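[1] Fold the following for me, if possible:
(chains A and B)
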Amino acid sequence: MAEYYYNEHSHTQTCKFNGKLDTDISNKLQPEIEEKIIRHFVPQSESRLRVVFDFADVEFVTSAFIRLCVLYAKKIGKENFSIINSNPFIKKIFKIAGLDGELNLI
Amino acid sequence: MKSYKEIADEIIDNAVISGAVFNQFDQQQTDFIVQKVFEAGFQNRIKLARMAAEETEMGIWQHKVIKNVVGTHLVYESIKNEKTAGVISMDHATGMIEIAQPIGPVFGIIPITNPTATVLFKILIALKSRNPIIISPPRKAPKCCEEAVRICYDAAIAAGAPEDCIQILTETNRELTHAFMIHPKIALILATGGTGLVHAAYSSGNPALGVGPGNVPVFIDQSADIPFAVECILGSKTFDNGTICASEQAIVCENAISKTLVAEFEKKGCYFLSAEQTEKLEKVVFNYEKGIMSGDVVGKTVQHIAALAGISVPDETRLLIARQQNVGKAYPLSQEILAPIIAFYETRDYKSAIKLCIDLNYLGGIGHTACVYSNDEERILEFSQLMNAGRIMVNTPSVQGAVGGIYNNLPTSLTLGCGSGGKNITTENVTARHLINIQRVCRRRNNEKWLAFDQENFLDESLSTSQIIKAYNKNF
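    Numbering: from 1, shown residues only, chains lettered A, B, ... in the order given. Now for the predicted structure:
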């Protein structure tokens, strides 16, 4: 469902997801993501944690997963969150939802 | 406490996300959800009808069951084979591919006269077109609408629909409704209700399909089968105590058949009011301040209305009929009254009858529905051309005919387009296909005439139109 990589040098947590991110999977993923982020997140630290959601292998997203994205973008700061490698169909979902800018979808 | 705008923002943002997710569903997934929601709504048709009748204190619960059946079973039958997701048509000859895209959050405003049936109908057509819907229930019928939404939502989610695909406002007032109607993220307002509401929807700046009042004239021609016509009118006008906007409002006939017609109505349990009783009735059926029918009589029984007006009528009376001479704002019974009351006009000849129907049709019911009983093809066609109505019912009960799917092949709908006369964009029965954007992929298919023609000719003022057209069509 997900693989996690932390780059100490750039202080970046990458979460690489795959397949269909439905409601059940989103609920299972949330504690995992939370744990990875909390481990490296120091509030008000000068060296800000960056979080990258890699969607290279994501085929489908639900409202529950979109909400997770919004939740973590808010938590760590919009400027430190981004979504990369989404396929055009997934990009369109975020575009329709009006969240592509807010979530720095690249 | 949240402002109305904040409430609207929150609910609509959820709907937008839901709509975005819904965009990923294909036709098969969509159809499965629609089928499950139809089944759940249909299964609960009786419970919801009872709730609606009790909460609104309008209509007859058994008839509301039928309305719920129309809003689920017939609507489902009407839309189940429609293509509404992805590629919906491919024409190699024209090189055209059509792709259906959902439009986004739909704001569905529900009328008090048909609450649960309209909720079920609007939800089914929204889901079929992969759109999230936000239901705005009438102030006096929130509980039955909430229950209808809950039943549909649970079934939709169990079938895999996106979260928040159906939402309902838990409070309703004019300001909150306005906040939703003007919200920039609302894709379409599906408004069914009174003139003021429909006007507000059209003034919101968002696309709207609004359906307001009707004022259905019924012309009974000399060639009509009178017992048949009377039976049809009774079955339609008394259905759910007259709460449907497509119900007959005035009967128009020539003197030559009026006696037979009156006798037939009386035989079937209708009561013709005296002039004095009519005057008493007018005072209770009409709100003179607002210039519309009084809410006190909408969907009430004949006996209730008669008691309200202080009129004594036989216990078994099915319909009150008031003889009228004139049409206009000064004559309340010439206007729409959603109750078992109907106006009755006699005219000296056919032409006068049709002219009277035109007056009735234009008195608040433009674009809605008109009805004719006749076996004279020429007259049927003439009547139809003279009415400004999206639906002209021929030898058909107006209510059951206008909604489609029972007596004709109109798409089944509880939102009946009234065309430009009713300030609508369509005269059609609104259904799922009105809730999709159709993209047209155009493959190259050359217009050979255009390409073969010397374009310089268009710049030559010495050539006449006929010379240019002749040259343009040469060798084709």
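
[2] In the chain, which helix is the longest?
    If you meant another chain, say so; for now it's chain A. helix A:23-40 (DSSP state H).

[3] that's the other chain; I wanted chain B
    Under DSSP H, chain B gives helix B:4-22 as its longest helix.

[4] Show me what counts as buried in that one.
    B:4, B:7-8, B:11-22 (16 or more other C-beta atoms under 10 Å in any protein chain shown). For the C-beta atoms, the positions are set from N, CA and C on the backbone; glycine is no exception.

[5] between the residues you listed, which is closest to chain A?
    Relative to chain A, the closest of the buried residues of helix B:4-22 is residue B:20; by C-beta to the nearest C-beta it sits at 3.9 Å.

[6] Now the helix or strand just after the longest helix of chain B: buried residues?
    Per DSSP states H and E, the first helix or strand lying C-terminal to helix B:4-22 is helix B:27-43. For helix B:27-43, a neighbour-count test (16+ other C-beta under 10 Å) marks B:27, B:29, B:30, B:31, B:33, B:34, B:36, B:37, B:38, B:40, B:41 as buried.

[7] what about the first one, distance to chain A?
    If I follow you right, that is residue B:27. Using C-beta to the nearest C-beta, to the nearest Å, one gets 16 Å for the distance from residue B:27 to chain A.

[8] Leaving out the residues flanking it, which one is nearest to the residue in the stretch 51-200 of chain B positioned nearest to chain A?
    In the stretch 51-200 of chain B, the residue that lies nearest chain A is residue B:163 (4.2 Å; C-beta to the nearest C-beta). Closest residue to residue B:163 apart from its sequence neighbours, by C-beta to C-beta, 6 or more residues apart in numbering or on different chains: residue A:63 at 4.2 Å.

[9] the helices in chain A, which residues?
    A:23-40, A:63-76, A:88-96.

[10] Up against chain B, what does chain A have?
    Neighbours of chain B within chain A, by C-beta under 8 Å from any C-beta of the partner chain: A:23, A:60-64, A:66-67, A:89, A:92-94, A:96-99.

[11] Adding mean neighbour count, mean pLDDT and distance to residue B:233 as columns, could you present the helices of chain A in TSV?
    Output for the helices of chain A, formatted as TSV (neighbours: other C-beta atoms under 10 Å in any protein chain shown; pLDDT from 0 to 100; distance: least, C-beta to C-beta, whole Å):
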stretch	mean neighbour count	mean pLDDT	distance to residue B:233
helix A:23-40	15	91	52
helix A:63-76	19	94	49
helix A:88-96	16	94	49
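
[12] Adding distance to residue B:469 as columns, could you present those helices in a markdown table?
    Below are those laid out as a markdown table (distance: least, C-beta to C-beta, whole Å):
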| stretch | distance to residue B:469 |
| --- | --- |
| helix A:23-40 | 63 |
| helix A:63-76 | 57 |
| helix A:88-96 | 46 |
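
[13] List, one by one, the residues from chain B near chain A.
    Going by C-beta under 8 Å from any C-beta, the residues of chain B near chain A are B:14, B:16-21, B:23-24, B:104, B:162-164, B:185.

[14] so which of these comes closest to residue B:130?
    residue B:23 (6.6 Å; C-beta to C-beta).

[15] Now do the same contact list for that closest one.
    A:92, A:93, A:96, B:101, B:102, B:130 (C-beta atoms under 8 Å, 6 or more residues apart in numbering or on different chains).

[16] Check residue A:39 too.
    Contacts of residue A:39 (C-beta under 8 Å, 6+ apart): residue A:6.

[17] gap between it and residue A:8?
    Applying C-beta to C-beta, to the nearest Å, the value for residue A:39 to residue A:8 is 12 Å.

[18] Residue B:334 too?
    Counting by C-beta to C-beta - residue B:334 and residue A:8 are separated by 83 Å.

[19] quick one: which of these two has more around it?
    Counted by other C-beta atoms under 10 Å in any protein chain shown, residue B:334 and residue A:8 do not tie: residue B:334 has more neighbours, with 25 against 7.

[20] Helix, strand or coil: sort out the residue lying closest to the more buried one once chain neighbours are set aside for me.
    Distance criterion C-beta to C-beta, 6+ apart; nearest residue to residue B:334, sequence neighbours excluded, is residue B:327 at 4.4 Å. Recorded secondary structure, residue B:327: coil (DSSP: H, G, I helix; E, B strand; the rest coil).

[21] residues contacting residue B:327?
    Counting by C-beta under 8 Å, 6+ apart, residue B:327 has contacts B:334, B:356, B:359, B:360, B:363.

[22] So which of these are in helices?
    Per DSSP H, the contacts of residue B:327 map to helices at B:356, B:359, B:360.

[23] Quick one: which of these is the most crowded by neighbours?
    Neighbour counts for those peak at residue B:360, which has 28 neighbours (criterion: other C-beta under 10 Å).

[24] picking up where we left off before, give me the distance between the residue of the stretch 51-200 of chain B closest to chain A and residue B:39.
    For residue B:163 relative to residue B:39 (C-beta to C-beta), the value is 21 Å.

[25] same thing with residue B:88?
    If you go by C-beta to C-beta, the gap between residue B:88 and residue B:39 works out to 25 Å.

[26] Same check on residue B:427?
    Applying C-beta to C-beta to residue B:427 and residue B:39 gives a distance of 32 Å.

[27] What lies in contact with the longest strand along chain A?
    Assignment by DSSP state E gives strand A:50-61 as the longest strand of chain A. For strand A:50-61, the surrounding residues in contact (C-beta under 8 Å, 6+ apart) are A:10-22, A:37, A:69, A:72, A:76, A:80-87, A:90, A:93, B:21, B:24.

[28] do the same with stretch B:196-204
    Contacts of stretch B:196-204 (C-beta under 8 Å, 6+ apart): B:109, B:177-178, B:181-182, B:189, B:191, B:208, B:210-212, B:422-423.

[29] Could you rerun that using 6 Å?
    If you take C-beta atoms under 6 Å, 6 or more residues apart in numbering or on different chains as the criterion, stretch B:196-204 is touched by B:181, B:182, B:189, B:191, B:208, B:210, B:212, B:423.

[30] Same list, these, but as TSV with secondary structure please.
    Formatted as TSV, these follow (three-state DSSP):
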residue	secondary structure
B:181	helix
B:182	coil
B:189	strand
B:191	strand
B:208	strand
B:210	strand
B:212	coil
B:423	coil
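
[31] just those residues: which has the poorest pLDDT?
    For those, the model is least confident at residue B:212; its pLDDT is 74.

[32] which ones are touching that residue?
    Applying C-beta under 6 Å, 6+ apart, the residues contacting residue B:212 are B:195, B:198, B:422.

[33] Got the confidence number for the second one?
    It stands for residue B:198. At residue B:198, pLDDT is 85.
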